[in-house]
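Q: coordinates only, no sequence provided:
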């Protein structure tokens, strides 16, 4: 119980620090939403008027606290840039709520691909005694890890979109319109996200398993007559999974927080793209909530990893 | 290390691809469909580069928004593809001899998208709203000069202005919206244009549909147009090839070459309405010395800039006027020449007291690939003349704040647009203008500009504008470079695309061919 309270306190502190840091960053970078909206057509009168309309004429500290109070009461504020209807600004919650499913589905598909491919691959690689295979897999995974995400996205688009014509590049379908088409389109960005992560996870698992195979308990297991299979899956893999779970946790947090580059390449209107465009238009309420969201996801996933640890290895909770 | 090496290899590969593109690009139109028979109906997807800033036609300021709203809204007058004004909601207008009273006769039976007929009250409301007569804040600053809008009868509206200006008529392109609808325009834009608004999704795009009641017989052809925000200029090309967009209006030179090779698209090019220049801050050392500024003008090799970044399709200019505004343009390319004159530049620098050159930081908005590429070429040319130029790539908002408004920079490469009125290109160089971000200061210029403003005779006005251009160039206020081309890719089966001397995407004349 104490453990949970401690974790919760850390979470709240971190969120607070991050939100202050983001707020200060926005005060320092040149330009604000008014310069962004008015552009080169800005006149002093329009600037003053717009600042008033948006409440930007208030002192920064006051703005921060009124925003904070709103958030604590569950009011995430309204976007400076996007409006909804009847001259009413778009609530941030709604704006992000619309984009979140895109990123979450993308994360889910990518994660399924990563787990489904990397774990068998890692086990297979660890078991193989072939030098040739070792070299081939070593080079392949190294390459997959080294290709920049943007370029990989373009390669995937060229191969599956333009060459094989399995999907229409840029032909994103909204999940509100057609769920099947939506998921079908997401497979390809998910592949782009998954490839380097599969390579990393497989390498990681293989190394981890090789280390475990040298452990004393493996010899003991063999000597008491366990089958190869039983040793591998019952003992080695279970122990080797420990660091891999941490690693997967990091990957999950990274993907859910928004695959900025991949969303950009495939034209997915997800969280990452919203973050980029909100920063460049200085849409502070949106950026602030997105940053809090990302912070929360990262901390929360680490917390889940912690719990998972206790399940895989009961020794930890007794410590 | 390995990662780095790979990215170098990739970079080399991409550079090669880009250079290959340059060499091949001539940008001429290939496959002209204008002779084929147009058919009605169909839908197209147009790739756009940025999200819209506002759907309220009086509040929208971004060029990327106005180019779309052109299809939804119309003013009393509107621009045509030759840069002339044609009558739109007004069927006729007269301007009093002293230039102070404008009388507009409304066209009969022009309907808003909500089915209502446009009345004199709607016009009065729209002009009062845009000019600030309604609530004291002018939304369109050029209309600030309006002192009253009066309804004469059902079909006639009279506008009185505080001071005469022959270019004011261009401002009556301001959208006419239904009376009292100002607050709703943002969510439910209603205009009189060839297309009506259907939907807008942030970050995804805008959908517009045919206005069946449009007052111009036979237009538009298409049933529906989707403006889709493309992810990045780099992926726009794949979207085109993959078929998710049909028209993409912002091809770079290397992209144009690549698209042409696929054979599925027509590539069309025309001059834009942008004058690109290496703008110099006249108020900072050593650029406050006219000789230094002249040296920079001599050091630039505009011809090779054109070849490198525009595939030779740009129009070189010597001053701040578009060659397409024929009545006002003065050819001034000879003053500093279109190729580099390094000897002359070095000599001027020596005279100015900088025999060893100086450091020059060029601030460039990095979201404009064209300006960035131009800067990369210009930097090398300046170095040849002994000026140690470096590029400071900044994000657009930083550029607006630091450079355009704060004037806290040495030099920048960007473009200025004309917005149809030639005066718009020149008024920013008056000493006191709020848009004079280069801090140009020349009493002779200010005096000539005032005279041009006052002049009601177009011939005389053109003479003054000519003088202004000469002063600007002789005083080397800034190093003007070129008018970049607009290059578009359009599916083979489409036709009727019109280039405008202003930044709009007129979809009303676009059609599918049989």
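A: Perfect, thanks for sending it. These numbers come from a predicted model, not from an experiment.
Q: please count neighbours and contacts with C-alpha atoms only from this point.
A: Noted.
Q: sketch out the strands for the stretch 1-150 of chain A, chain order is fine.
A: A:78-85, A:88-91 (DSSP state E, counting those that start in this stretch).
Q: lowest-confidence stretch among those strands?
A: Lowest mean pLDDT of the strands of the stretch 1-150 of chain A: strand A:78-85, a mean of 71.
Q: on the three-state scheme, residue B:251 is what?
A: Counting by DSSP: H, G, I helix; E, B strand; the rest coil, the backbone at residue B:251 sits in coil.
Q: residue contacts, it?
A: Contacts for residue B:251 (CA atoms under 8 Å, 6 or more residues apart in numbering or on different chains) come out as B:486, B:487, B:488, B:489.
Q: which strand residues bridge the second one?
A: With DSSP bridges as the criterion, residue B:487 is bridged to residue B:269.
Q: what about it, distance to residue B:257?
A: 11 Å (CA to CA, to the nearest Å).
Q: between these two, which one's more packed in?
A: Neighbours were counted for residue B:487 and for residue B:257 using other CA atoms under 10 Å in any protein chain shown; residue B:487 has more, 26 against 22.
Q: report pLDDT for the more buried one.
A: 88.
Q: quick one: it and residue B:268 touch, right?
A: Yes - using CA atoms under 8 Å, residue B:487 makes contact with residue B:268 at a distance of 5.7 Å.
Q: residues touching residue B:279, list them.
A: Residues in contact with residue B:279, defined by CA under 8 Å, 6+ apart, are B:411, B:412, B:413, B:414, B:438, B:477, B:478, B:479, B:480.
Q: ditto for residue B:418
A: Counted by CA under 8 Å, 6+ apart, residue B:418 has contacts B:273, B:274, B:322, B:424, B:425, B:502.
Q: how about it, phi and psi?
A: Note on residue B:418: backbone dihedrals following degrees, to the nearest 10 are phi -100, psi -20.
Q: what secondary structure does residue B:158 sit in?
A: strand.
Q: who are the packing partners of the host helix or strand of residue B:462?
A: Secondary structure from DSSP states H and E places residue B:462 in helix B:458-474. Judged by 3 or more CA pairs under 8 Å, 6 or more residues apart in numbering or on different chains; DSSP states H and E, the packing partners of helix B:458-474 are helix B:422-427, helix B:443-454.
Q: could I get the average pLDDT for the last one?
A: When the per-residue pLDDT values of helix B:443-454 are averaged, the result is 88.
Q: now stretch B:387-404: buried residues?
A: B:387-394, B:396-404 (16 or more other CA atoms under 10 Å in any protein chain shown).
Q: among those, which are in reach of chain A?
A: B:396, B:397, B:398, B:400, B:401, B:402, B:404 (CA under 8 Å from any CA of the partner chain).
Q: shouldn't the fourth one be in contact with residue A:37?
A: Spelled out, that is residue B:400. No - taking CA under 8 Å as the definition, residue B:400 is not a contact partner of residue A:37, at 10.8 Å.
Q: next, the angle from the helix holding residue B:462 to helix B:443-454.
A: With axes from the mean of the first three to the mean of the last three CA atoms, to 10 degrees defining the directions, helix B:458-474 sits at 160 degrees from helix B:443-454.
Q: ok, residues contacting helix B:458-474?
A: Against helix B:458-474 from outside (CA under 8 Å, 6+ apart): B:166, B:318-321, B:327-330, B:332, B:335, B:423, B:426, B:444-445, B:448-449, B:451-453, B:455, B:478.
Q: from chain B, how far out is the residue most central in space within chain A?
A: Among the residues of chain A, the one closest to the centroid is residue A:255, at 2.3 Å (CA atoms, centre = their mean). Residue A:255 is 19 Å from chain B, where distance means CA to the nearest CA, to the nearest Å.
Q: name the helix or strand for that residue, please.
A: helix A:237-256.
Q: just send the ones next to chain A among the buried residues of stretch B:387-404 back as CSV, with pLDDT and secondary structure too.
A: Listed next are these as CSV, based on pLDDT from 0 to 100; DSSP: H, G, I helix; E, B strand; the rest coil:
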residue, pLDDT, secondary structure
B:396, 82, helix
B:397, 82, helix
B:398, 86, helix
B:400, 85, helix
B:401, 85, helix
B:402, 87, helix
B:404, 88, helix
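Q: helix, strand or coil for the closest residue to residue A:236 other than its chain neighbours?
A: Among residues not flanking residue A:236 along the chain, residue A:212 sits closest, at 5.9 Å (CA to CA, 6 or more residues apart in numbering or on different chains). When classified by three-state DSSP, residue A:212 comes out as helix.
Q: likewise for residue B:136?
A: coil.
Q: neighbours of it, how many?
A: Counted with other CA under 10 Å, the neighbours of residue B:136 add up to 12.
Q: what of residue A:304?
A: 12.
Q: am I right that it is in a strand?
A: No - Residue A:304 is assigned helix when assessed by three-state DSSP, not a strand.
Q: list the contacts for residue A:141?
A: Residues in contact with residue A:141 (CA under 8 Å, 6+ apart) are A:196, A:199, A:200, A:203.
Q: how near is it to residue B:505?
A: For residue A:141, the distance to residue B:505 - CA to CA - is 47 Å.
Q: ok, now residue A:150?
A: Taking CA to CA, one finds residue A:150 at 30 Å from residue B:505.
Q: again with residue B:215
A: Distance from residue B:215 to residue B:505, by CA to CA: 19 Å.
Q: neighbour-wise, which of these two wins?
A: When neighbours are counted by other CA under 10 Å, residue B:215 and residue B:505 differ, and residue B:505 comes out ahead with 21 against 18.
Q: could you check the pLDDT of the more buried one?
A: Confidence score, pLDDT, at residue B:505: 89.
Q: same check, this time on residue B:476
A: The model's pLDDT for residue B:476 equals 89.
Q: my read is that it contacts residue B:290, right?
A: Yes - counting by CA under 8 Å, residue B:476 does reach residue B:290; the two are 6.6 Å apart.
Q: okay, the two: which has more neighbours?
A: Neighbour count, other CA under 10 Å: between residue B:476 and residue B:290, residue B:476 has more, with 26 against 17.
Q: what's the burial count for residue 50?
A: Reading this off chain A. 18.
Q: to clarify, I was referring to chain B.
A: Neighbours of residue B:50 using other CA under 10 Å come to 19.
Q: ok, now residue A:5?
A: 10.
Q: do the same with residue A:108
A: 15.
Q: now do the contacts for it.
A: With CA under 8 Å, 6+ apart, residue A:108 has no contacts at all.
Q: so how far is chain B from it?
A: In terms of CA to the nearest CA, residue A:108 sits 22 Å off from chain B.
Q: so that residue versus residue B:391, what's the distance?
A: Taken as CA to CA, the span from residue A:108 to residue B:391 is 42 Å.
Q: likewise for residue B:459?
A: 42 Å.
Q: can you give me the end-to-end span of stretch B:421-438?
A: 21 Å.
Q: what is the neighbour count of residue A:12?
A: If you count neighbours by other CA under 10 Å, residue A:12 ends up with 12.
Q: can you give me the pLDDT of it?
A: Confidence score, pLDDT, at residue A:12: 87.
Q: picking that back up, between the ones next to chain A among the buried residues of stretch B:387-404, which is closest to residue A:72?
A: residue B:397 (30.6 Å; CA to CA).
Q: before we move on, the earlier item: just checking, what packs against the helix or strand following the helix holding residue B:462?
A: Per DSSP H and E, helix B:458-474 leads on to strand B:479-483 as the next helix or strand towards the C-terminus. Judged by 3+ CA pairs under 8 Å, 6+ apart, the packing partners of strand B:479-483 are strand B:274-280, helix B:290-299, helix B:302-310, strand B:315-316.
Q: just checking, next helix/strand downstream of the last one?
A: In the C-terminal direction, the helix or strand that comes right after strand B:315-316 (DSSP H and E) is helix B:342-351.
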